[in-house]
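Novice: Sequence first, predicted coordinates after that:
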Amino acid sequence: MYRKKKQTTPSKKDFSLSPEWNLCEDNRWVVMAELIPWSEFEEEYALCFSESMGAPAIPFRTALGALIIKEKLGISDRETVEQIKENPYLQYFIGQKTYSNKPPFDPSMMVHFRQRISANIIQKVNKKMVKNAREEKEECSGKSSEKGEPENRGKLLLDATVGPADIKYPTDVGLLNEVRKVTEKIIDVLYECLKGKSQKPRTYRKKARKDYLAIAKKRRTSRKERRKAQKKQLQYIERNLKHIEKLIEKGATLESLSRGLYRRFLVGNEIYRQQKCMWENNKDVIEDRIVSLTQPHIRPIKRGKAKADTEFGSKLSASCFDGYVFLEHLSA
């Protein structure tokens with residue numbers, strides 16, 4: 001049975017939490033906050049900062065707590081800040097003493113949190129959490145902690161997997177096309193320093209793009225067609241690199257490049273070297289092969305799966321013991 005009532009929209013000023021409201025002790029964020037030894041790793045985190053210079057940094061608990069929330073909920077940096085702003089349990093988890101409607105930090109700070117909190121610190125925190133949880137479990141079960149004959153504690157599971165990276169599926173021609181565009185942009189920047197003093201080098205960028213699209217738009221391509229397209233892109237890049245050398249000889253400087261562009265230039269040079277080596281030797285593999293211009297640390301890993309024979313990301317080895325998972329090895 002449903003009884004109709006006169007619906008009234010409550011005012012946001014009238015809505016308030018009960019004075020007797022408290023955090024639920026069984027909440028997952030409250031339980032997890034009790035397990036993590038926040039203060040034990042504060043000093044190691046503080047080594048990332050100067051003792052006398054700069055503004056006061058955001059506490060370790062806030063930084064690590066925000067990263068855990070992001071990964072556990074699988075959300076973006078901006079959404080992480082919004083969730084923390086709206087949820088009192090999340091605010092308690094990152095160390096706030098009272099509820100606040102204001103964001104605890106700017107979403108861009110999440111980038112710095114990831115840089116400052118290394119995988120080594122995460123490993124130490126994880127092991128300490130497991131140790132505390134097991135000690136508490138043994139105390140509750142009444143088991144003696146005295147050292148004696150080691151007993152069988154169950155099974156140890158070991159497995160190797162891949163941490164998938166969010167990149168476009170790489171192709172040799174596609175990578176060379178990206179490198180070519182970077183060299184063309186560098187030529188434009190370097191020529192600005194010499195504008196009026198010399199003639200701008202010809203890059204044939206329209207023709208190069210047309211050649212790339214001719215192979216990229218095809219649904220299926222033969223090996224001969226791919227090698228021909230690779231050769232063309234390699235020639236365009238080689239010509240551009242020679243133009244860059246000549247511009248530097250005439251007085252242009254790489255210091256005029258932005259930090260990101262200079263980084264892509266260095267990575268692009270290595271991609272060009274690898275691709276040229278593979279093309280000349282008619283091979284498809286090379287040691288430490290780069291498959292992404294913007295994320296050069298990503299590596300291709302053969303998995304032999306029906307869905308995806310090759311995966312791209314970081315290879316990791318994990319162990320599972322007594323319900324706890326440990327990261328044993330991580331290789332980029």
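Specialist: All right, it came through fine. On a predicted model such as this, the values are computed, not experimentally measured, just so you know. Numbers count the residues shown, from 1 in each chain.
Novice: All the helices of this structure, in order from the start?
Specialist: Remark: helices assigned in the chain by DSSP state H are 28-35, 42-46, 60-73, 77-86, 88-93, 109-116, 119-141, 172-193, 205-216, 223-249, 259-280.
Novice: mean confidence for the third one?
Specialist: What it means is helix 60-73. The average pLDDT for helix 60-73 rounds to 92.
Novice: quick one: buried residues of it?
Specialist: For helix 60-73, the buried set under the neighbour-count rule, 16 or more other Cβ atoms under 10 Å, comprises Phe60, Arg61, Thr62, Ala63, Leu64, Gly65, Ala66, Leu67, Ile68, Ile69, Lys70. C-beta coordinates here come from the backbone N, C-alpha and C atoms, glycine included.
Novice: and of the residues you listed, the nearest to Ile121?
Specialist: Ranked by distance to Ile121 (Cβ to Cβ), the buried residues of helix 60-73 are led by Leu64 at 8.1 Å.
Novice: Excluding chain neighbours, what is closest to the closest one?
Specialist: Of all residues not flanking Leu64 in the chain, Ile117 sits nearest, at 5.9 Å (Cβ to Cβ, 6 or more residues apart in numbering).
Novice: what do you get for Ala119?
Specialist: Nearest non-adjacent residue to Ala119 (Cβ to Cβ, 6+ apart): Leu330, at 6.2 Å.
Novice: Touching, the one you found and Ser314? I think so.
Specialist: Yes - if you go by Cβ atoms under 8 Å, Leu330 and Ser314 touch, sitting 6.0 Å apart.
Novice: Settle it for me: which of those two has more neighbours?
Specialist: Ser314 (16 against 13; other Cβ atoms under 10 Å).
Novice: Distance of the residue positioned nearest the centre of the chain relative to Arg263?
Specialist: Per Cα atoms, centre = their mean, the C-alpha nearest to the average position across the chain is that of Ala165, at 7.8 Å. Ala165 is 18 Å from Arg263, where distance means Cβ to Cβ, to the nearest Å.
Novice: now do Arg114
Specialist: 18 Å.
Novice: By mean pLDDT, point me to the weakest helix or strand of the chain.
Specialist: The weakest-scoring helix or strand in the chain, judged by mean pLDDT, DSSP states H and E, is strand 156-164 (a mean of 73).
Novice: Please name every helix or strand in contact with it.
Specialist: Counting by 3 or more Cβ pairs under 8 Å, 6 or more residues apart in numbering; DSSP states H and E, the packing neighbours recorded for strand 156-164 are strand 310-321.
Novice: show me what contacts the closest residue to Phe326 other than its chain neighbours?
Specialist: Distance criterion Cβ to Cβ, 6+ apart; nearest residue to Phe326, sequence neighbours excluded, is Ser319 at 5.0 Å. Neighbouring residues of Ser319 by Cβ atoms under 8 Å, 6 or more residues apart in numbering: Leu156, Leu157, Leu158, Asp159, Val325, Phe326, Glu328.
Novice: repeat that with 10 Å
Specialist: Neighbour list for Ser319: Leu156, Leu157, Leu158, Asp159, Val325, Phe326, Leu327, Glu328, His329 [criterion: Cβ atoms under 10 Å, 6 or more residues apart in numbering].
Novice: Next up, the contacts around the spatially closest residue to the last one that is not a sequence neighbour.
Specialist: Translated: His329. Nearest non-adjacent residue to His329, counting by Cβ to Cβ, 6+ apart: Ser317, 4.2 Å away. Going by Cβ under 10 Å, 6+ apart, Ser317 touches Leu158, Asp159, Ala160, Thr161, Phe326, Leu327, Glu328, His329, Leu330, Ser331.
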